[in-house]
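**Student:** Can you look at this prediction? I've put the sequence above it.
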Amino acid sequence: RQSEKLEDLPPPVAEPIPVPEDTVPPPQPIPEPRPQDAPTPQQQQAQERVAQPDTKDQEAANALAISQEKAKQEQEAKRRQEQIDLTERKRQEEAEQKLRLAKQQEEDAKKKLADQARQAADKAEAEKQKKIAEIRAKREQAEKEAKLAEQKLRQVAAARNAAGTAAAGASGAAQPAAGGGGNSDDLSAKYAAAIQAKVLSQWVRPDTVPLGQRCTITITQIPGGTVMQAKVSPNCPYDEAGRRSIEAAVLNAQPLPYRGFESVFARTLNFTFTAQDR
């Protein structure tokens, strides 16, 4: 503002010398100043002096601000890197979890297939064993039937032979009181066959006694067929188990046949037993 120059005011106009009057002349109007002629208002208060900053403190402050900004940027970068690492670690863990799950599913599938294969093999083996068992059972049944038929044939032949032997033994032990010889032989044969059948019904053949093998037994009885004693002869080919079994069978079969055989009854009877199956 000091550089600005105010325009010179116009010289005052010469006024005529007033005539003194008793009255005060009216005040003259003050001309309005133009905008460029407006006087500069006086400053009410002195302007404070602006402190000049210290260059060294400003540099230190700038360096500290730069250091803080750099530390802040580094911390922010570190935080972003940690977030990235955390995201990558999480992604990796998810991938590993999916891999483990896939492996587990694969192992379960393999185990399931192995179990199904084993079950199928077990089922096939069971069916095979079942068929083998059925074939074996049919074969055993056929063998049993054939063996039974053969035993029946042997029984018939053995019964005939036993009847003849018993008749011969009974004829020496007791003679009939009356009647012809022919009739006595026939009755003795029937008597021996009846005793054979009665004893056979109570006997269980041991495995050591072969079919058709004979054993002589001395039977002591009283009228009515009650057996007092039954003892195998020393020349009986049966083993100890077979001997005990036949003696028990004779005792269990009492009373022996008596009614109708009174004429050929003998208190002491040498009876020849033939091993047969019932």
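**Tutor:** Right, received. Where do you want to start? These figures come from a predicted structure and were not determined experimentally.
**Student:** which residues does the residue lying closest to S245 once chain neighbours are set aside contact?
**Tutor:** Spatial nearest neighbour of S245, excluding adjacent residues (Cβ to Cβ, 6 or more residues apart in numbering): P206 at 5.8 Å. For glycine as for every other residue, the C-beta is placed from the backbone atoms N, C-alpha and C. The contact partners of P206, taken as Cβ atoms under 8 Å, 6 or more residues apart in numbering, are D239, A241, G242, S245.
**Student:** Nearest to E59 among those?
**Tutor:** A241 (127.7 Å; Cβ to Cβ).
**Student:** What is the burial count for that closest one?
**Tutor:** Neighbourhood size, A241 [other Cβ atoms under 10 Å]: 12.
**Student:** what are the ranges of the helices in the stretch 51-200 of the chain?
**Tutor:** 55-173, 181-200 (DSSP state H, counting those that start in this stretch).
**Student:** mind putting those helices in CSV, mean pLDDT, distance to L211 and mean neighbour count included?
**Tutor:** Listed next are the helices of the stretch 51-200 of the chain as CSV, based on pLDDT from 0 to 100; distance: least, Cβ to Cβ, whole Å; neighbours: other Cβ atoms under 10 Å:
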stretch, mean pLDDT, distance to L211, mean neighbour count
helix 55-173, 80, 6, 11
helix 181-200, 80, 12, 19
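**Student:** Kindly reformat those as CSV and extend each row with distance to P29.
**Tutor:** Below are those laid out as CSV (distance: least, Cβ to Cβ, whole Å):
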stretch, distance to P29
helix 55-173, 58
helix 181-200, 179
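**Student:** Out of those helices, flag the one nearest S233.
**Tutor:** That would be helix 55-173 among the helices of the stretch 51-200 of the chain, by Cβ to Cβ, at 11.0 Å.
**Student:** Determine the angle, from 0 to 180 degrees, between that closest one and helix 181-200.
**Tutor:** 160 degrees (axes from the mean of the first three to the mean of the last three Cα atoms, to 10 degrees).
**Student:** which SS state does T216 fall under?
**Tutor:** strand (DSSP: H, G, I helix; E, B strand; the rest coil).
**Student:** my guess is it contacts F271, does it?
**Tutor:** Yes - between T216 and F271 there is a contact at 7.1 Å, judged by Cβ atoms under 8 Å.
**Student:** Looking at these two, which is more packed in?
**Tutor:** Using other Cβ under 10 Å as the criterion, T216 and F271 rank with F271 on top: 25 against 16.
**Student:** What's the separation between the more buried one and S188?
**Tutor:** Separation of F271 from S188 (Cβ to Cβ, to the nearest Å) stands at 12 Å.
**Student:** Ok, K231 next?
**Tutor:** Distance, K231 to S188, by Cβ to Cβ: 22 Å.
**Student:** And for R91?
**Tutor:** Taking Cβ to Cβ, one finds R91 at 111 Å from S188.
**Student:** before we move on, the earlier item: now the contacts of P206 in a markdown table, please, with extra columns for secondary structure.
**Tutor:** Shown next, in a markdown table, are the contacts of P206 (three-state DSSP):
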| residue | secondary structure |
| --- | --- |
| D239 | coil |
| A241 | helix |
| G242 | helix |
| S245 | helix |
